Each structure stands twice: as C-alpha cells, then as structure tokens.
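[1] Here is the input, now give the coordinates:
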Amino acid sequence: MDGSPSPVPEKRTKITVICPTCGAAAPWLANPHRPFCSLTCRLVDLGVWLDEGYRIAADERGDVP
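    Purely as a prediction, here's the structure:
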C-alpha cells in the first residue's frame, strides 16, 4: 500500500424514462431529446403545443374578469 486512493470503478445506473408521446422506454443519460425517445416524438409534442392541444381548463364562473 503506497497511500494512494484505490481506483473505484465508476458506477452509472442506467436510467430510463417513458416517452410521453409514444410510451417507449428512452435512456435519460446521453439522450439529447429527453424526456422523449427521439426527435420525431419531440416534434410531435411541439406540434400539439403549437396547435393549442394542451389547455388549462377555464373557470366558468361569471364573476371572474
């Protein structure tokens, strides 16, 4: 033993997430499109946003300005 720290192997857990567009498993690390699995799914989601497909429900009360 020369006093130097022993090399510890770098452990990286393989993290996967579910693509919100197609439901496929997608890697989290080294994925430029995360949380999506591909550029296609990313652009599909952007299209839904641009078409105003995602909306917050409005309050239907009459006293709200």
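[2] does V17 sit in a helix, a strand or a coil?
    strand (DSSP: H, G, I helix; E, B strand; the rest coil).
[3] hang on, it packs against W28?
    Yes. Using CB atoms under 8 Å, V17 makes contact with W28 at a distance of 5.4 Å. Where C-beta positions appear, they are placed from N, C-alpha and C, glycine not excepted.
[4] ok, those two, which is more surrounded?
    Ranked by neighbour count (other CB atoms under 10 Å), V17 and W28 place V17 first, with 15 against 12.
[5] Residues in contact with the host helix or strand of G47: which ones?
    Using DSSP states H and E, G47 sits in helix 39-50. By CB atoms under 8 Å, 6 or more residues apart in numbering, the list of residues contacting helix 39-50 from outside reads 19-22, 33, 36, 54.
[6] redo that, cut-off 10 Å
    19-24, 26, 32-36, 38, 53-54 (CB atoms under 10 Å, 6 or more residues apart in numbering).
[7] of these, the lowest pLDDT goes to which?
    Least confident entry in the contacts of helix 39-50, by pLDDT: Y54, with 87.
[8] Make a PyMOL selection of whichever of the contacts of helix 39-50 turn out to be buried.
    Buried subset of those, written as a PyMOL selection, criterion 16 or more other CB atoms under 10 Å:
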select buried, resi 19+21+26+36+38
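[9] Farthest pair within the contacts of helix 39-50?
    Distance extremes for the contacts of helix 39-50: the farthest pair is P32 and G53 at 24.0 Å, using CB to CB.
[10] what residues are up against N31?
    Contacts of N31 by CB under 10 Å, 6+ apart are 15-17, 37-38.
[11] what's the distance between it and R55?
    28 Å (CB to CB, to the nearest Å).
[12] So for V17 and W28, which residues contact both of them?
    Contacts common to V17 and W28, judged by CB under 10 Å, 6+ apart, are 34-35.
[13] low pLDDT regions in this structure?
    Along the chain, the model assigns pLDDT under 70 to residues 1-12, 62-65.
[14] Please name the spatially closest residue to the most centrally placed residue in the chain (chain neighbours excluded).
    For the chain, P35 is the residue whose C-alpha lies nearest the centre (CA atoms, centre = their mean; 1.8 Å). Spatial nearest neighbour of P35, excluding adjacent residues (CB to CB, 6 or more residues apart in numbering): V17 at 5.1 Å.
[15] Much appreciated, bye for now.
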